[in-house]
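*Asks:* need coordinates for the below:
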Amino acid sequence: MLTNVYPNPSSNEITISGLAEDSKLSIFSSEGRLIETEAPTTENFCINISNWKNATYFFKIVNKVGKVSYGKFTKM
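*Replies:* Numbering: from 1, shown residues only. Have a look, this model is predicted:
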């Protein structure tokens, strides 16, 4: 599973592309605190981050067969 996050860094919205059907997306703070969990319904999923603190965030994507991928993005 090849995912891409853009724009990165961002101040308003990010798009995570390359998501597989029935994936689960979890976003964590740099301290490891769970910020948000989503079940994207499209290959390209947008998230509004305008109200989040400026920081680096990490995400984990698990597809329907259990394959896991990780990434990060910066909110400025």
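*Asks:* all strands for the chain, in order.
*Replies:* 4-6, 13-17, 24-28, 34-38, 44-48, 55-62, 68-75 (DSSP state E).
*Asks:* okay, those in JSON lines with mean neighbour count and mean pLDDT next?
*Replies:* Every C-beta, even on glycine, is put in place using the N, C-alpha and C of the backbone. Output for these, formatted as JSON lines (neighbours: other Cβ atoms under 10 Å; pLDDT from 0 to 100):
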{"stretch": "strand 4-6", "mean neighbour count": "14", "mean pLDDT": "95"}
{"stretch": "strand 13-17", "mean neighbour count": "17", "mean pLDDT": "96"}
{"stretch": "strand 24-28", "mean neighbour count": "17", "mean pLDDT": "97"}
{"stretch": "strand 34-38", "mean neighbour count": "13", "mean pLDDT": "97"}
{"stretch": "strand 44-48", "mean neighbour count": "14", "mean pLDDT": "95"}
{"stretch": "strand 55-62", "mean neighbour count": "17", "mean pLDDT": "97"}
{"stretch": "strand 68-75", "mean neighbour count": "15", "mean pLDDT": "96"}
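*Asks:* the residue lying closest to S29 once chain neighbours are set aside and D22, how far apart?
*Replies:* Leaving aside its sequence neighbours, S29 sits nearest to I35 (Cβ to Cβ, 6 or more residues apart in numbering; 5.7 Å). Distance check for I35 against D22: by Cβ to Cβ, to the nearest Å, it reads 21 Å.
*Asks:* cool, C46 as well?
*Replies:* Per Cβ to Cβ, C46 is found 18 Å from D22.
*Asks:* over to I49?
*Replies:* For I49 relative to D22 (Cβ to Cβ), the value is 24 Å.
*Asks:* more neighbours: which of these two?
*Replies:* Higher neighbour count among I49 and D22: I49, with 21 against 12, using other Cβ atoms under 10 Å.
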